[in-house]
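>>> I'd like to go over a predicted model; first the sequence, then the structure.
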Protein chains: 4
Amino acid sequence: MGSSFGQLFRISTFGESHGGGVGVIVDGCPPRLELDLEAIQRELDRRKPGQSRITTPRKEDDRVEILSGLLDGVTLGTPIAMVVRNKDQRPGDYKEMAVAFRPSHADATYQAKYGIQARSGGGRASARETIGRVAAGAIAKQLLARASGTEVLAWVKRIHTIEASGIDPAAVSLEDVERTIVRCPDAAVADRMIERIEAIGREGDSCGGVIECVVRRAPLGLGMPVFDKLEADLAKAVMSLPATKGFEIGSGFAGTLLKGSEHNDAFLPTADGRLHTATNNSGGIQGGISNGEEIVIRVAFKPTATIRKEQQTIDAQGAATTLAAKGRHDPCVVPRAVPMVEAMVALVLADHLLRQQGQCSFW
Amino acid sequence: MGSSFGQLFRISTFGESHGGGVGVIVDGCPPRLELDLEAIQRELDRRKPGQSRITTPRKEDDRVEILSGLLDGVTLGTPIAMVVRNKDQRPGDYKEMAVAFRPSHADATYQAKYGIQARSGGGRASARETIGRVAAGAIAKQLLARASGTEVLAWVKRIHTIEASGIDPAAVSLEDVERTIVRCPDAAVADRMIERIEAIGREGDSCGGVIECVVRRAPLGLGMPVFDKLEADLAKAVMSLPATKGFEIGSGFAGTLLKGSEHNDAFLPTADGRLHTATNNSGGIQGGISNGEEIVIRVAFKPTATIRKEQQTIDAQGAATTLAAKGRHDPCVVPRAVPMVEAMVALVLADHLLRQQGQCSFW
Amino acid sequence: MGSSFGQLFRISTFGESHGGGVGVIVDGCPPRLELDLEAIQRELDRRKPGQSRITTPRKEDDRVEILSGLLDGVTLGTPIAMVVRNKDQRPGDYKEMAVAFRPSHADATYQAKYGIQARSGGGRASARETIGRVAAGAIAKQLLARASGTEVLAWVKRIHTIEASGIDPAAVSLEDVERTIVRCPDAAVADRMIERIEAIGREGDSCGGVIECVVRRAPLGLGMPVFDKLEADLAKAVMSLPATKGFEIGSGFAGTLLKGSEHNDAFLPTADGRLHTATNNSGGIQGGISNGEEIVIRVAFKPTATIRKEQQTIDAQGAATTLAAKGRHDPCVVPRAVPMVEAMVALVLADHLLRQQGQCSFW
Amino acid sequence: MGSSFGQLFRISTFGESHGGGVGVIVDGCPPRLELDLEAIQRELDRRKPGQSRITTPRKEDDRVEILSGLLDGVTLGTPIAMVVRNKDQRPGDYKEMAVAFRPSHADATYQAKYGIQARSGGGRASARETIGRVAAGAIAKQLLARASGTEVLAWVKRIHTIEASGIDPAAVSLEDVERTIVRCPDAAVADRMIERIEAIGREGDSCGGVIECVVRRAPLGLGMPVFDKLEADLAKAVMSLPATKGFEIGSGFAGTLLKGSEHNDAFLPTADGRLHTATNNSGGIQGGISNGEEIVIRVAFKPTATIRKEQQTIDAQGAATTLAAKGRHDPCVVPRAVPMVEAMVALVLADHLLRQQGQCSFW
């Protein structure tokens, strides 16, 4: 329990940071989908550590191996298992953590819950766990592209106090995002973000930020009334990523400062049975169901918990001690989290696409 | 699909605003729990319309009838079915909506998804749907209180632009919350909130706001790694409520402005095996698992979509028209949403309590 | 948990024999299905007690009330809640059972599991619980008929030692089944079955039997590899009915006496892409997936546990006592179980129809 | 969907017969369970082909690799991923099947459902798929042994027409079962069974049989009322194994020949709050809930579909052709299915153990 996500397009992940490997089973993918396997690897490369000077220098090759579910690159309709072996393990890097709980990390709560935990590297709470999500999300993206031309794209909107305003969710491209190592499509702001991350990293400290994500050409009608509203499943999806502290859709918290007459999205006349609104405070979802406009969400990521600066903490016996992490840790996970957000959003959309097909495509 | 919530403590709701009734089945409640049935009704009274001058004047009696699962008020361990009959129906109030989609409401997307919809009152998207949640949440609250002394309490933190700062989640009481009809524990701010709602209501407009919710004496160890992190399930739970646009836990979006050394919650020495932190930016959850500190979340509610002011919209054929709602609608749903937020939070906690018991209580 | 069935076409039942009522929520039904509401009631009438001289004389009116999910008899795509009120309660009939566990009934195990139980009438283990199944199954039947012309029909094949051979699953009609009160389409054998039931009833004893069920015009391709094989879900479905002791598909246990060359169903040439086999030992399912032939299953029902004859048993303290049931109990539940079997089979088929549509209908 | 089983102790399998490998994720296992890893391998050795002269001579080494979820052989509470690589692949053996559907095998229905299928070896319908089940079942067995001293044991009761009567489910031991290669604890009957299998194999034909399985020292109270009755989940579990055609619990189909007064299991006085019955027609389950007596089930396995004898069939275009299998196939899968049945039964028990703990162990 807890390691599966989705109802019809359903994934189950496994793996600790320092065991034999990590991976995922994707169950429920429609058959006869021709997969671009290199595109799956490209997504993993976007999330892997060591990809640039603002990420941890840990080198993880992260080559994905697909064990099942395909015939000559075409889906069989059966479970697709993908595995990435663990390689670059330096348990010594985590030695000090074995005797001191990292503040605001999962060490202490895992120990309290299970009475045992992986000895090093964060175990199941490691960012390595997201490999399975990203690999599965890459398949979901290809399914969405094929079934409905739907595209999922995320970028860094803010790093620490530096925010990019004026990014147009309707126009930004993957090339815009990937142009800079910080994955902010505003190149000038991106430079300042990179400087900030480097400066904070030199202090032995860390920072967080905000990722924005858009879904373009989402099918009309995805999502369910009541509990499985599309925004509810999106919220769960991204809030299940490590280090997330907040979620917004459309107008978000700022929308609460408007009156109804200001906030409501007027419907515009259309001739084709589709819906179109003059504004998009709804963020593409109304009553829990996609209205065909762009779905726009934002996710808050806290600063990385593991830092080189010395901190007050306790050991496993509850006694006071201090901790200064020695490992190679990201000063800011936000740029690497961009493909993770895209993956989780794509998984939600793919699942609801199948659910909508299952219930509402008979007549 | 879509009308059930929870894995072990699982609820399924039903009902449109204007049919025979609405209700809920609670499945998985532990046996031999003595229920205070009046406490269930009290929670429903807190959410019902017509309870004060700042809510819709619609009178809905909302008396809950329990059909099963109890013997002399004690749970049998079998499904508890609760029904509230629909009574005060004035379909005429919704006549104009039958020909024009309300902007930012569910009318248009339901029609697009299902090709049919309840003729009036919002159908399944009506706030009446939350009756089942609140009734079930009232049982979850009693389970939590009995099993672990856990308490769930929410209040209005902001209405439109008026915000109450300085509310202490550790200290606020239900009496503080219920003292004013707007459910803001800061009485002076509450008065201004009420005035604002009335003023906006007189304009035929509406407003939203922010609700804060605390869980006190949460058990240590609830929540799961990866997808079913406690904050992820809380996010889904409250983002499934009508009119929500954002979710935060602990430091939330503001936490992204801090550095790791500022944001991390230092562990303090304890002698009893519990965890205790100097600050609570984590909001009581680390690595997806409760650490025993207070769980603190905030939820953004947009302004009510249905307003008396005339708006641009389209009819079912896609042609331009205007709509000025005639019905008796809340100018602000936020005060009535307080028990809804508490219910959803309690349901998540109860479910994870059982899940933790099921996996981790053997030895 | 435990009171829901199905993944996409999902039902949740509630209710004890002697509480406010029993019922069901059907979630996931496709929208815009015109329901014949009288057909739902007719199915309930087929299962209700007091319908003939070989059933219990208890009169239960069992009028179903539909609370939600419909507009003018057409499905909205939202949960359909159906309730039947409890009326004819004579707790006195069960007084003796409150102090003595009925042998082979659920009294003792419920008490052991939950530490509490409904005081009378079998509680959740009552045959009244099946009302929700039959009502939901009636909707599933209408969905199957509309979507694929699929028909589900069951009949009594054996009562105690009296067996009807020579019933052709391809040809038997509902009229054939309903012609006799024992629901055996072979009229001559039916007479002997009725006599046997009456004779055994006069002894204060009870008997069981075997029900056979056919699915005609089942779509090709329903069912999943591995765990959710169609026959596995059918087995669970019918083995969840009270008093069942065995399940067979196609050749069943007798098929194990054949060699592969005798048992294999040779494929015959077809021109239309459908499959057709010379024999049907497979019972319409191969590799867990329907092959378009008739699905044929058989279910064993044990003799009713509650009998008037005196039996050895224990009381709640574990002390020896005897019990001779005083209530009005069926000497044989098998004829009334016919619509229950049909309902469970229809629910499985409807669920797999939606699952197949959800995964395999994109291109 | 379809490749996961269980609610709390939940497994997800993957893998085709001729891809990179097969395996399973076990999610929800309690933490701090010391696993005997060799015992897992021993179970796999019991199911592997080539183990004796009555199984296929295909050699599959089937060494399991555990990728996650353990620390020094102790469970972490996180998902346990186990993989077995595919090695001995001779696609040529299956060449003829690529152009002709094997009668009564999954070739034709997979093609009909998915419009594509693994080119050889049965794909997901291969018996190799059961590796994941057996590996996961081996963990479930160890959990049951540790938590409640519960033991699961199966054996061959019948091969073709040769039946062993007089096996006492209360007394038979693993050593008795493993003493002969056919896994029938009656040594004299076992010899005849082996001869029969060899004789039928020489004919190029195949045969089936019946497996019986007992659960000893099952906890009292496992199982749920209504849909998730313990026998219903057991039925689904074993009917999801390849080649199964029937399921019985306790008295099974033969029990329908008894009267209630003969079939009911009289409760005997006990002093310790446990239940004890004079007979066990119930097969250890009453009202869907275990009563503490031995749980006894039987499963019918049809003769293997793939045989060397020439059979009538069709090709993918629906045209008539014949097929005589060339590969190395088991003349009888029943002996190798013994550990599969045990695994599925253990998985059901483990899951219900956790579910019972989750709902009913609070006070």
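Looks like it came in fine. All values reported here derive from a predicted model rather than from experimental measurement.
>>> so stretch A:247-260, near chain B or not?
Yes - applying CB under 8 Å from any CB of the partner chain, one finds stretch A:247-260 touching chain B at A:247-253, A:255-260. No exception for glycine: its C-beta is placed from N, CA and C like everyone else's.
>>> which two of these have the greatest separation?
A:Phe247 and A:Lys259 (23.5 Å; CB to CB).
>>> could you measure from the closest residue to A:Val22 other than its chain neighbours over to A:Arg128?
Sequence neighbours aside, A:Gly15 is the residue nearest to A:Val22 in space, at 2.8 Å (criterion: CB to CB, 6 or more residues apart in numbering or on different chains). To A:Arg128, A:Gly15 is 7 Å away according to CB to CB, to the nearest Å.
>>> so what sits against both of those two?
A:Val22, A:Asn86 (CB atoms under 8 Å, 6 or more residues apart in numbering or on different chains).
>>> more neighbours: those two, which one.
Set A:Gly15 next to A:Arg128 and count neighbours by other CB atoms under 10 Å in any protein chain shown: A:Gly15 wins out with 30 against 26.
>>> and the residue in the stretch 201-350 of chain A positioned nearest to chain C, how many residues sit next to it?
For the stretch 201-350 of chain A and chain C, the shortest gap (CB to the nearest CB) falls at A:Pro225, measuring 6.3 Å. For A:Pro225, the count of nearby residues is 29 (other CB under 10 Å).
>>> residues touching the residue in the stretch 101-250 of chain A positioned nearest to chain D, list them.
Minimum separation of the stretch 101-250 of chain A from chain D (CB to the nearest CB) falls at A:Tyr114, amounting to 3.9 Å. Residues near A:Tyr114 by CB under 8 Å, 6+ apart: B:Cys360, D:Pro31, D:Arg32, D:Leu76, D:Gly77.
>>> ranking helices and strands of chain A by mean pLDDT, which lands last?
helix A:95-99 (a mean of 63; mean pLDDT, DSSP states H and E).
>>> for A:Arg89, give me the pLDDT.
That one is not Arg; residue A:89 is Gln. The model reports A:Gln89 with a pLDDT of 58.
>>> ok, A:Pro335 touching A:Pro49?
No - taking CB atoms under 8 Å as the definition, A:Pro335 is not a contact partner of A:Pro49, at 11.1 Å.
>>> more neighbours, the two?
A:Pro335 (29 against 20).
>>> which element, helix or strand, includes that one?
Using DSSP states H and E, A:Pro335 maps to helix A:334-360.
>>> tell me the average confidence for that helix?
98.
>>> now the angle from that helix to helix C:334-360?
130 degrees (axes from the mean of the first three to the mean of the last three CA atoms, to 10 degrees).
>>> may I see the buried residues of helix A:334-360?
Across helix A:334-360, burial judged by 16 or more other CB atoms under 10 Å in any protein chain shown covers A:334-360.
>>> equivalent analysis for stretch A:134-150, please.
A:134-148, A:150.
>>> then stretch A:56-75?
In stretch A:56-75, counting by 16+ other CB under 10 Å, buried: A:Thr56, A:Arg58, A:Glu60, A:Asp62, A:Val64, A:Ile66, A:Leu67, A:Ser68, A:Gly69, A:Leu70, A:Leu71, A:Thr75.
>>> got the residues of the stretch 1-150 of chain A near chain B?
Close to chain B, as judged by CB under 8 Å from any CB, the stretch 1-150 of chain A has residues A:1-5, A:7, A:13, A:101, A:103-110, A:112-115, A:124-125, A:129.
>>> now with 10 Å?
By CB under 10 Å from any CB of the partner chain, the part of the stretch 1-150 of chain A that sits against chain B consists of A:1-8, A:11-14, A:16, A:100-115, A:122-126, A:129-130, A:132-133.
>>> report the buried members of those.
Of these, these count as buried by 16+ other CB under 10 Å: A:1-8, A:11-14, A:16, A:100-114, A:122-126, A:129-130, A:132-133.
>>> tell me which of those fall in helices.
A:Asp107, A:Ala108, A:Thr109, A:Tyr110, A:Gln111, A:Ala112, A:Lys113, A:Tyr114, A:Thr130, A:Gly132, A:Arg133 (DSSP state H).
>>> quick check, nearest of those residues to D:Arg298?
Of those, the one sitting nearest to D:Arg298 (CB to CB) turns out to be A:Tyr114, at 38.9 Å.
>>> picking up where we left off before, turn the buried residues of stretch A:56-75 into CSV, columns for secondary structure and pLDDT.
Output for these, formatted as CSV (DSSP: H, G, I helix; E, B strand; the rest coil; pLDDT from 0 to 100):
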residue, secondary structure, pLDDT
A:Thr56, coil, 76
A:Arg58, coil, 71
A:Glu60, coil, 70
A:Asp62, coil, 87
A:Val64, coil, 96
A:Ile66, strand, 97
A:Leu67, coil, 97
A:Ser68, coil, 96
A:Gly69, coil, 96
A:Leu70, strand, 96
A:Leu71, strand, 94
A:Thr75, strand, 97
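>>> just flag the most distant two among these.
A:Thr56 and A:Leu71 (37.6 Å).
>>> please list which of the buried residues of helix A:334-360 are also close to chain B.
A:Val334, A:Met344, A:Leu347, A:His352, A:Arg355, A:Gln356, A:Gly358, A:Gln359, A:Cys360.
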